[in-house]
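Novice: this one's sequence-less:
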Ligand code: ATP
Ligand code: MG
């Protein structure tokens, strides 16, 4: 990895960029993942590169939904593995939830590289390679998934998901938790719970809430989930961003 001086004012962003670029060199990240990362960075600027109150609230509800689920799955792609594989494994162990690699641009080779990378970071069981089921309504290989994984999950955490697939998962009656820095994306608008935060902060954030809520009874968890208003939260994001921009100059 190229040396980045710690004193650089954007040290953290540069480290993340290096991770994405190395991820691409290792075959984890697809070239369109670089473009998606850039889109995310632009929105992170607008949010002040911090977990704002609406994201913390969504992370809490996400933790409640994962804890209350019968078969929760964390769906990961190239960017997620390049940035937060250890954090995803920690979260999967602590809920507990299954991890499935689910790729928009799927090749067997990329699938194997991603599964191996997760195992190298300590994941015991990674779903996705079997591809013995199909998300109905999605053509080509992007609709493939595992019967024991995403196909039968009731709650699914999709960090950085495409809008099309998010809509299809919803049509399968799954509760979808998305992490997406763009509050205007189709994914952000379609998910049941949208965490408008950088995945590098959101996954550890959900995990902190999982630890705090672990002993909460099911009724209280369901009350938290039932009273969540995702549209209101997206409105809060837009008003936060516009107020923040207006107060800057
Ligand atoms: P959609 O398909 O939902 O309408 P899109 O086509 O713009 O949106 P995709 O490429 O399908 O987006 O999904 C990637 C999303 O992930 C983008 O909205 C981008 O802002 C977001 N994103 C990229 N990097 C991060 C990150 N580090 N943390 C959180 N979100 C991110
Ligand atoms: Mg998309």
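Specialist: Okay, I see it. This structure is a prediction, so every number in the text was calculated from the model and none was measured. Ligands and ions are numbered 1, 2, ... in the order given.

Novice: who's the residue nearest in space to the middle of the chain bridged to?
Specialist: Geometric centre of the chain, nearest residue: residue 159, 1.4 Å, by C-alpha atoms, centre = their mean. As for beta bridges, residue 159 partners with residue 179 under DSSP bridges.

Novice: tell me the contacts of it?
Specialist: Neighbouring residues of residue 159 by C-beta atoms under 8 Å, 6 or more residues apart in numbering: 74, 75, 76, 77, 80, 84, 88, 178, 179, 199, 202, 203. Placement of C-beta: from N, CA and C, glycine included.

Novice: try 7 Å this time
Specialist: Applying C-beta atoms under 7 Å, 6 or more residues apart in numbering to residue 159 gives the contacts 80, 179, 199, 203.

Novice: which residue ranges of this structure form helices?
Specialist: Taking DSSP state H as the criterion, the chain carries its helices at 11-25, 31-46, 53-68, 78-94, 108-120, 163-171, 186-190, 199-213, 218-226, 230-246.

Novice: okay, now residue 74: neighbour count?
Specialist: Applying other C-beta atoms under 10 Å, we find 28 other residues in the vicinity of residue 74.

Novice: out of the contacts of residue 159, which is nearest to residue 148?
Specialist: Each of these was checked against residue 148 using C-beta to C-beta; the closest is residue 80, at 20.3 Å.

Novice: not counting its neighbours along the chain, what's nearest the closest one?
Specialist: Excluding its sequence neighbours, the residue lying closest to residue 80 (C-beta to C-beta, 6 or more residues apart in numbering) is residue 159, at 4.9 Å.

Novice: can you list the residues of the chain near ligand 1?
Specialist: 36-37, 39-40, 43, 160, 162-163, 179-182, 185-187, 198-199 (C-beta under 6 Å from any ligand atom).

Novice: which residue is the nearest non-sequential neighbour of whatever residue of the chain ends up closest to ligand 1?
Specialist: Closest contact between the chain and ligand 1, by C-beta to the nearest ligand atom, is at residue 40 (2.5 Å). Ranked by C-beta to C-beta, 6+ apart and with sequence neighbours excluded, the top spatial neighbour of residue 40 is residue 181, at 4.4 Å.

Novice: what's the neighbour count on the closest residue to residue 70 other than its chain neighbours?
Specialist: Leaving aside its chain neighbours, residue 70 sits nearest to residue 154 (5.3 Å; criterion: C-beta to C-beta, 6+ apart). Look at residue 154: counted by other C-beta under 10 Å, it has 14 neighbours.

Novice: residue 154 contacts residue 172, correct?
Specialist: No - with contact defined as C-beta atoms under 7 Å, residue 154 does not count as touching residue 172 (10.1 Å).

Novice: so where's this protein shaky on pLDDT?
Specialist: When residues are selected by pLDDT under 70, those of the chain lie in 1-2.

Novice: flag every residue of it that's near ligand 2.
Specialist: 162, 163 (C-beta under 5 Å from the ion).

Novice: now the chain against ligand 2: closest residue?
Specialist: Nearest residue of the chain to ligand 2 (C-beta to the ion) works out as residue 162 at 3.9 Å.

Novice: what's the burial count for that residue?
Specialist: By the criterion of other C-beta under 10 Å, residue 162 has 18 neighbours.

Novice: tell me the phi and psi of the nearest residue to it once chain neighbours are set aside?
Specialist: Distances taken as C-beta to C-beta, 6+ apart place residue 104 nearest to residue 162, at 5.6 Å, with adjacent residues excluded. Per-residue torsions, residue 104: phi -70, psi -50 (degrees, to the nearest 10).
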